[in-house]
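> starting from these lines, generate the structure:
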Amino acid sequence: MDGQDSDDSKQSTADMTVFVQNLLTQMQSRFQAMSESIVSKIDDMGQRIDELEQSINELRNEMGTEGGSPSPLAPTKAKEEDSKPASSSP
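Numbers count the residues shown, from 1 in each chain. Down below sits the predicted model:
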């Protein structure tokens, strides 16, 4: 009887090893697929940000040439000087 229990134990251990190896292989392939998906989405997002930045720059250029006034995002030197506190000099 001890020999059969030993054989069953060895078979059970072998089955468990195969199961764990298969599980790890599945997890690794899923992780790889998810990683590739995330990297792809990050690349797409980076491309969209670049396109958005280019569009904003084009709009700034159009506003600068059409209106003749400086962009509200870029304060003029006079505005900067007005915002500084006056210092008292002797």
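> on the three-state scheme, Met27 is what?
helix (DSSP: H, G, I helix; E, B strand; the rest coil).
> how many neighbouring residues does it have?
Using other CB atoms under 10 Å, Met27 is surrounded by 10 other residues. C-beta: built from backbone N, CA, C; applies to glycine.
> which outside residues touch stretch 36-50?
Residues outside stretch 36-50 that contact it (CB atoms under 8 Å, 6 or more residues apart in numbering): none.
> CA-only coordinates of it, as PDB, when you get a sec.
This file holds the C-alpha atoms of stretch 36-50, laid out as PDB (Å, rounded to 0.1, in the frame of the first residue of the first chain):
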ATOM      1  CA  GLU A  36       1.700  45.800 -25.400                       C
ATOM      2  CA  SER A  37      -1.800  47.300 -25.200                       C
ATOM      3  CA  ILE A  38      -0.700  49.900 -22.600                       C
ATOM      4  CA  VAL A  39       2.400  50.900 -24.600                       C
ATOM      5  CA  SER A  40       0.300  51.200 -27.700                       C
ATOM      6  CA  LYS A  41      -2.300  53.500 -25.900                       C
ATOM      7  CA  ILE A  42       0.500  55.600 -24.500                       C
ATOM      8  CA  ASP A  43       2.000  56.000 -28.000                       C
ATOM      9  CA  ASP A  44      -1.400  57.000 -29.300                       C
ATOM     10  CA  MET A  45      -1.900  59.500 -26.500                       C
ATOM     11  CA  GLY A  46       1.500  61.000 -27.100                       C
ATOM     12  CA  GLN A  47       0.700  61.400 -30.800                       C
ATOM     13  CA  ARG A  48      -2.600  63.100 -29.900                       C
ATOM     14  CA  ILE A  49      -0.800  65.500 -27.500                       C
ATOM     15  CA  ASP A  50       1.700  66.400 -30.200                       C
END
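> pLDDT weak spots in the chain?
Applying pLDDT under 70 to the chain flags residues 1-4, 66-90.
> try 50
Scanning the chain with the threshold set as pLDDT under 50 gives 1, 78-81, 89-90.
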